[in-house]
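In: Predicted model and sequence below, questions to follow.
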Amino acid sequence: MRMSFNARLSWQTAIILSATMLVVFAYTWYRAQVMVGELSGRVVRQTSLQIEERIESFFERTEEHSRVLSGLAIPSSQLNETSLNSGRFRELASQMVELIKGNPEFSSMSIVLESTGEYVQVVQRQDGNISADIITLQDGGGRARRRYARFGGRLILSAFEADWPRDPREDEGYTLAAESREQSWTPTRVIRTPGLPETPGVTCATPITDVRGRFVGVASVDFTLTGLSRYLQTIRVGVTGYAFLAEMRVGGVARIIAHPDPNRLLVSEGGSVQLKTAAELGDQKVLLLLDHIQGLDEVPAGPSGRIKMKVGGRSYLAGFNRLGGDGRPDWVLGIVVPPEDFMGDLGKDRTVLAVFAIIALLAGIYVSLLLAHKIAAPVQAIVEETERIRALNFKPRPLPSSQIVELDSLGDAMEQLKTNLRSFEKLVPAEYARHLVATGQEAVLGGERRHLTISFADLVGFTRLSETMPAEELLGVLSEYLELLSREVMEHEGTVDKFNGDDVMAFWGAPNEVENPALCACVTAVRSQEALLVLHEELRDQGKPLLRASFGISTGDVIVGNIGSSERMNYTVIGDAVNMASRLQGLNKYYETEMLVGGQTMREAGDKIVTRLIDYVTVAGRGHPAQVYELIGLAGEVSETELKFAAMHNEAMGHYRDRSFVLAAEGFRSVLSMRANDGPAKILLRRCEEYIELEPDASWDGSHRVEVK
């Protein structure tokens, strides 16, 4: 039946949308059930990883402080064999107080002497106060305890007790470290520190050895698990889910060591307080999960698995991870959550979906009536966008959306084409990319000999910075500096070749010819240094590191073109001038300079730049010497003082080349009087003094070999 385009489009749209909505309703309900299961599993995994990172941090911090404590007892610079004795306990107590102050989860730290059983212990109390106990031998035998309290940053004697009965060498932590001679952890136990409530905790003990490797005692840190229980209280797992920690003991008995309700962890047995077992905790969900874990042959480290279980007619999802091991306590993290915690908004979502479907149906019918009248506009916009691409204008400009899929897809494809072309510009030198697009050529292997100027720019101090800064922050800092350096290259008619880590390689004269490429490269280096100073003002306010840049510039005949394979190639330059530019950049470190240029570059840039002759250098990979100049600045922008400085240096270099080393030395001393830390003058003065003492033979041509790559 024939009908108008508007009518056919309207009723077909109504039928399709109605059928679609029915299918969507049925499928949505099914997918909701699946998504609830996936979401609950994802929450369990994410929560597990979050808690695992926190516990790993606790482990590492405790081990680190235990090692630091051992190092305090026997400093590496101490050569006295009897450096650890009770006479140092007051000094060690003060240092231990500073260590424990920032770690509220540490209940105590102690250092014990193997020979006498004397020890010093620093205790952190719940009220925030810290006290130090020093237990030493009495003249008449036995031990005495002296308790010191912090007052005004000092330790003041507050109590004395004779006949102190405790011998710490009998403690489990001491015994483990003494027998293994390695850092050791005790199983979780109830820590009983005098004056403090009993609490679950573990001890990390580190053996102390003197400079000759002899065992002299043990340094230990008591780590309470109360903080972990408080941390678990803050973890939200759905609405009613929770996480707990258990320690797997020999014989299959699991003890609960951390729980969102820490008051449930301890039980009195035979007059002493002990950790509860899973059965004593009274939580059927925890008991079922641990029974499952104990039935496994082995619980590997990392996210290990999930199980479903029912308690009281209610379904639960439980996940478990093994933590510690390899010398650390053998802990298991358990997470229990009911899947329905994630279904609270499902009914509301169905209502919203129904309303949205009705609105979408009405809107679809209305839009279909307008669609026929709006076909021409998108087509015309696509034609205009094609013309912009032909004019090498790749800037984003989304086309008007269309209800016709083909037109909309064509518009998306047009935007994707521009995105690809923009990416192509970034992945290869921008000028070369535009050259290919403008000429309609295909990139092929091969090159041509051209007279170019090549520059290498390197960020000074970046390698050292990379050793101390996280990789994510380091990448952000590097991007800001490389963005600045590459922008200056392109603004001065250069082509960015590649980025070698923190190094920018660029050249001038290809693919498009440039008037005086040597001068363009020199101007780029000078303007880059000026731009870096402006960037430093911004970075200093943001607390980011400030880096300098060093430049090496060389001019000569090279091969420029596509090098590589037929499938993957790089538009670049090769030749002696490239190698020389790289060597010049490396020489900046040797001469303590920032901008070095070759002799050909200096001659072609002419009187537009101000330079001084640094040296005649034979670098690695070259058999003949080359003139090395420092680029001081651009003509007309350099101060009279700088011009005088350059002239004085060049005059001294003339004497040096004439073998008049006494006059040359006087000249370089004058240079250093103007700039005391001038690197080239210091090097050349030292060389002149050597030649005054022992004059070089007649074959000396004034060059110096420097092994810089």
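Out: Sure thing, it's come through.
In: pLDDT score for the nearest residue to residue 230 once chain neighbours are set aside?
Out: Nearest residue to residue 230 in three dimensions, chain neighbours excluded: residue 262, at 7.3 Å (CB to CB, 6 or more residues apart in numbering). Using the backbone N, CA and C atoms, a C-beta is placed for each residue, glycine as well. On pLDDT, residue 262 comes in at 83.
In: Same question for the one 4 residues further on.
Out: With respect to pLDDT, residue 266 scores 82.
In: Quick one: residues contacting it.
Out: Counting by CB atoms under 8 Å, 6 or more residues apart in numbering, residue 266 touches 190, 198, 200, 273, 274, 275, 276.
In: Quick check: chain neighbours aside, which residue is closest to the third one?
Out: Setting aside the residues directly before and after it, residue 200 is nearest to residue 225 in space (CB to CB, 6+ apart), at 4.4 Å.
In: Report how many residues lie close to that neighbour.
Out: 27 (other CB atoms under 10 Å).
In: ok, back up a step: compare the contacts of residue 266 and tell me which is most surrounded.
Out: Most neighbours among the contacts of residue 266, by other CB under 10 Å: residue 200, with 27 neighbours.
In: I'd say it and residue 222 touch.
Out: No - the pair residue 200 / residue 222 is not scored as a contact, 11.0 Å apart, by CB atoms under 8 Å.
In: where do the contact lists of those two overlap?
Out: In contact with both residue 200 and residue 222: residue 191, using CB under 8 Å, 6+ apart.
In: and residue 166, what pLDDT?
Out: Residue 166 is given a pLDDT of 86.
In: possible to save the contacts of residue 266 as TSV with distance to residue 669?
Out: What follows is these, written out as TSV (distance: CB to CB, whole Å):
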residue	distance to residue 669
190	76
198	76
200	73
273	81
274	82
275	78
276	82
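In: What is the most widely separated pair among the residues you listed?
Out: Across those, no pair lies farther apart than 198 and 276, at 13.1 Å, counting by CB to CB.
In: moving C-terminal of the helix or strand bottoming out on mean pLDDT in the chain, what's the next helix or strand?
Out: Among the helices and strands of the chain, helix 430-439 carries the lowest confidence by mean pLDDT, DSSP states H and E, at a mean of 56. Downstream of helix 430-439, the first helix or strand assigned by DSSP states H and E is strand 446-460.
In: my guess is residue 679 meets residue 588, correct?
Out: No - counting by CB under 8 Å, residue 679 stays clear of residue 588, with 9.0 Å between them.
In: ok, those two, which is more surrounded?
Out: Neighbours per residue (other CB under 10 Å) separate residue 679 from residue 588, with residue 588 holding more: 23 against 16.
In: So the more buried one sits against residue 553, correct?
Out: No - Residue 588 lies out of contact with residue 553 (CB under 8 Å); the separation is 11.2 Å.
In: Residues that sit against both of these two, list them.
Out: Residues touching both residue 588 and residue 553 (CB under 8 Å, 6+ apart): 595, 596.
In: Surely residue 94 forms part of a helix?
Out: Yes - counting by DSSP: H, G, I helix; E, B strand; the rest coil, residue 94 falls inside a helix.
In: Model confidence at residue 237, what's the number?
Out: Looking at residue 237, its pLDDT stands at 81.
In: who's in contact with it?
Out: 43, 44, 47, 243, 335, 336, 337.
In: where does the stretch 301-450 of the chain have low pLDDT?
Out: Scanning the stretch 301-450 of the chain with the threshold set as pLDDT under 70 gives 301-304, 342-354, 356-357, 360-361, 364-395, 397, 399-408, 410-411, 413-446.
In: Determine the next helix or strand in the C-terminal direction from the helix or strand harbouring residue 308.
Out: Secondary structure assignment for residue 308, by DSSP H and E: strand 302-311. Next helix or strand after strand 302-311 toward the C-terminus (DSSP H and E): strand 314-324.
In: who does the longest strand along the chain touch, helix- and strand-wise?
Out: In the chain, with assignment by DSSP state E, the single longest strand is strand 548-564. When contacts are defined as 3 or more CB pairs under 8 Å, 6 or more residues apart in numbering; DSSP states H and E, strand 548-564 sits against strand 446-460, helix 517-542, strand 569-574, helix 576-591, strand 595-598, helix 599-605.
In: tell me the angle the third one makes with strand 446-460.
Out: Between the axes of strand 569-574 and strand 446-460, defined by axes from the mean of the first three to the mean of the last three CA atoms, to 10 degrees, the angle is 80 degrees.
In: gap between strand 569-574 and the chain center?
Out: Relative to its chain's centre, strand 569-574 lies at 32 Å (CA atoms, centre = their mean, to the nearest Å).
In: which strands and helices sit next to that strand?
Out: Here strand 569-574 touches strand 446-460, strand 495-500, strand 548-564, going by 3+ CB pairs under 8 Å, 6+ apart.
In: could you dump those strands to TSV with distance to residue 236?
Out: Shown next, in TSV, are those (distance: least, CB to CB, whole Å):
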stretch	distance to residue 236
strand 446-460	44
strand 495-500	44
strand 548-564	48
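In: in which helix or strand would I find the closest residue to residue 54 other than its chain neighbours?
Out: Once flanking residues are discounted, residue 54 sits nearest to residue 231: 6.2 Å by CB to CB, 6+ apart. Applying DSSP H and E as the criterion places residue 231 in helix 226-234.
In: re the thing from before, restricted to helices, list the contacts of residue 237.
Out: Counting by DSSP state H, the contacts of residue 237 place 43, 44, 47 in helices.
In: Show me what the helix holding residue 231 is packed against.
Out: In terms of contacts (3+ CB pairs under 8 Å, 6+ apart), helix 226-234 is packed against helix 5-73, strand 199-209, strand 242-248, strand 254-258.
In: Do you have the helices of the stretch 601-709 of the chain handy? List them.
Out: 640-657, 661-674, 679-693 (DSSP state H, counting those that start in this stretch).
In: wait, which of these is closest to residue 581?
Out: With CB to CB as the yardstick, what comes closest out of the helices of the stretch 601-709 of the chain is helix 679-693 (18.9 Å).
In: Just want the angle from the closest one to helix 661-674.
Out: What separates the directions of helix 679-693 and helix 661-674 is an angle of 150 degrees, with the same axes, to 10 degrees.
In: buried stuff in helix 679-693?
Out: Residues 679, 680, 681, 682, 683, 684, 685, 687, 688, 691 are the ones in helix 679-693 that count as buried (16 or more other CB atoms under 10 Å).
In: try stretch 86-93
Out: 86, 89, 92, 93.
In: With stretch 515-525 instead?
Out: Going by neighbour count (16+ other CB under 10 Å), the buried part of stretch 515-525 is 516, 517, 518, 519, 520, 521, 522, 523, 524, 525.
In: If anything else comes up later, I'll come back, but that's it for now.
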